[in-house]
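K.L.:
what shape does this take:
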Amino acid sequence: MGVPERTVHARWAGGLRSVVDAGGFEVVSDEPAEVPGGTGTGPQPTELFLASVASCFTTAVAYSAAKRDIALSGLRVDVTGHYNGPSFDALRIDVHADKPRGAELDKLVEAAKRVCYVTRTLAAPPEMTYVVNPDDASSDTGSETAVAEPAG
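P.N.:
As a prediction, this is how the structure comes out:
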């Protein structure tokens, strides 16, 4: 079933800006200029998170349509996150298409729910492990903490 792991690399670029190597592509993340340390030179991390949901779900709908030989046009997926303190407590995924419409689009959305890696990951969050200075693991400075945080 494909690659068992995927890794991206982020490096701090000063202020609140990060530059991420994602599959050989550079993605910039920043905070707005009105936030101390932000320069407004890239989307915020939360916007990149929403972009991951939107792009994955768009891909999943398109994949599902192609697999079923269903003509697809004008597909757009909008994702809105509702903040609750320092996290989102709800996501709304709006799927728009010129073709197909109605029940046929509903079936594609249901199929996309089954194949979208990002939304499936959010539905059953993975265990998160934080490793500090992994290159120093043989010394006393390396440490690892596993955190399994429940959804919702």
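
K.L.:
okay, CA-based contacts and neighbour counts for the rest of this
P.N.:
Fine.

K.L.:
any stretches of this protein with poor pLDDT?
P.N.:
1, 137-152 (pLDDT under 70).

K.L.:
how's it carved up into domains?
P.N.:
1-43, 44-125 (automatic domain parsing).

K.L.:
deepest-packed of the ones you listed, please.
P.N.:
With neighbours defined as mean count of other C-alpha atoms under 10 Å, these peak in mean count at domain 44-125, which reaches a mean of 15.

K.L.:
residue nearest the centroid of this protein?
P.N.:
By C-alpha atoms, centre = their mean, the mean C-alpha position of the chain lies nearest to residue 52, the distance being 3.0 Å.

K.L.:
and the host helix or strand of that one, what does it pack onto?
P.N.:
Assessed by DSSP states H and E, residue 52 sits inside helix 45-67. If you count contacts as 3 or more C-alpha pairs under 8 Å, 6 or more residues apart in numbering; DSSP states H and E, helix 45-67 packs onto strand 76-84, helix 102-115, helix 117-123.

K.L.:
relative to residue 9, which of these is closest?
P.N.:
helix 117-123 (18.3 Å; C-alpha to C-alpha).

K.L.:
and after that closest one, which helix or strand comes next?
P.N.:
Criterion used, DSSP H and E; the element after helix 117-123 is strand 128-132.

K.L.:
each with direction, which strands does that next one pair with?
P.N.:
strand 143-147 (antiparallel) (DSSP bridges).

K.L.:
make sure residue 40 is actually in contact with residue 18.
P.N.:
No: with contact defined as C-alpha atoms under 8 Å, residue 40 does not reach residue 18; the gap is 11.6 Å.

K.L.:
need the overlap of contacts for those two.
P.N.:
residue 30 (C-alpha atoms under 8 Å, 6 or more residues apart in numbering).
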